[in-house]
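>>> Sequence plus predicted model, see below.
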Amino acid sequence: MTGLLAVSVLAGCSNPETRSQANRGFDYETESLRTAPLLIPEGLEAPRFNTEYVIPTDTVRGAVGKALDVRPPTQVLPLVRGTEAMDEGTGLWFYQQRLDQPLERELTQALSAFFEQSDAEHNTVAGGFESDGEAIGAPKQQFRWQLTPDPVRRAVGIQVQATEGADRLAQDRLRAEASMLNAFSLSYQQALSRQQELLDQGPIALRLDSEQARLLAEQGYDRTWKRLITLLPKLGFDISNRQQALGYVDVEFDGLSKGDWRDLKLPALSIPEQEYRIQLGDQGELTSLTLSDKNREPVSAEVLNELANTLGPAFERSDLVR
């Protein structure tokens, strides 16, 4: 299973999940306490003994020696942004991040994709799924996946429960459940990263707003910021300072040769080679960009128009941001 193999890498190259025994001998199991009565010289009384600290010989319970599993418990990892481990049981809370579809539907689709990717047999049941799976260091077994929506918190909980092997140790069941949940989280995070990467490479419309002496990107602040930071060095700008929280980028324009502009297949940017500050403004679904010189004075309409003629087509080009 691809997801499980990836999770095993998190444990390190030595793979401690498969090392359940201590790395020393177990000869002590055959040893016994050798005692002999205290010899009391004739004429003396035997001292009084406190029996409070006598070690009982019949109170050994649980696994010892080779049967003792020395592996640490497997921890549920919140690998996906906007998740947290549940206080009880093997589960995670996933919080709503996107508004384009309900979170429960998104997680249901992600679980289905995870099962198909790992060739796990599964079927839909009330409130979730039943599937088989191979947790790290354990044979294939059955699991129950329960989805619990919480509209108040705008969250959905996913809990995993091993449904067979009731005679197994509790720590083995918890380890298997956590391993499966971590495998799903990693698979889901990878899918989200791929979706975000495709989204970040999509075209962004950028137009000149002459009345307000600014450029307007028809996209949110975060995507516009990423696109701008990626494109500026390719268009002949050296970035000297950037502050995303404050929304500005300080640059120096050195220009490009005519050949470089031809290779980029963009209109050559003809503005004075000097320092500039680009200020971004969050306008909700739009993002504004204003340009000022090194004295923080707004540039002329001609300079802003030149920037729009070059930066606008560049924002539309997904090949420039790969």
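Great, that's in hand. Residues are numbered from 1 along each chain as shown.
>>> what's stretch 141-156 in contact with?
91, 93-96, 103-104, 107-108, 111, 125, 127-135, 157-165, 176-177, 180 (C-beta atoms under 8 Å, 6 or more residues apart in numbering). Quick note: C-beta positions are derived from backbone N, CA and C, even for glycine.
>>> For it, list every residue counted as buried.
For stretch 141-156, the buried set under the neighbour-count rule, 16 or more other C-beta atoms under 10 Å, comprises 141, 143-147, 155-156.
>>> thinking again about what came up before, just the buried ones from the contacts of stretch 141-156?
By 16+ other C-beta under 10 Å, the contacts of stretch 141-156 give 91, 93-94, 103-104, 107-108, 111, 128-129, 131, 133-135, 157-162, 176-177, 180 as buried.
>>> Which ones among those residues map onto helices?
The helices, defined by DSSP state H, take in 103-104, 107-108, 111, 176-177, 180 from the buried ones among the contacts of stretch 141-156.
>>> residues of the helix or strand hosting A191 that come out buried?
If you go by DSSP states H and E, A191 is part of helix 170-201. Under the neighbour-count criterion of 16+ other C-beta under 10 Å, helix 170-201 has 172-192, 200 buried.
>>> Mind listing the strands whichever helix or strand comes after that helix pairs with, and their directions?
Per DSSP H and E, the first helix or strand lying C-terminal to helix 170-201 is strand 206-209. Here strand 206-209 is paired, per DSSP bridges, with strand 214-217 (antiparallel).
>>> how about the strands of the protein, start to end?
Along the chain, counting by DSSP state E, strands occupy 83-85, 91-95, 122-125, 128-134, 140-150, 155-162, 206-209, 214-217, 237-243, 248-253, 275-283, 286-293.
>>> got those as a markdown table, with mean pLDDT and distance to L266 columns?
Converted to a markdown table, the strands of the chain look like this (pLDDT from 0 to 100; distance: least, C-beta to C-beta, whole Å):
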| stretch | mean pLDDT | distance to L266 |
| --- | --- | --- |
| strand 83-85 | 92 | 41 |
| strand 91-95 | 95 | 41 |
| strand 122-125 | 93 | 50 |
| strand 128-134 | 91 | 50 |
| strand 140-150 | 93 | 48 |
| strand 155-162 | 94 | 45 |
| strand 206-209 | 96 | 13 |
| strand 214-217 | 96 | 16 |
| strand 237-243 | 96 | 13 |
| strand 248-253 | 96 | 15 |
| strand 275-283 | 96 | 18 |
| strand 286-293 | 96 | 17 |
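>>> No further questions, thank you.
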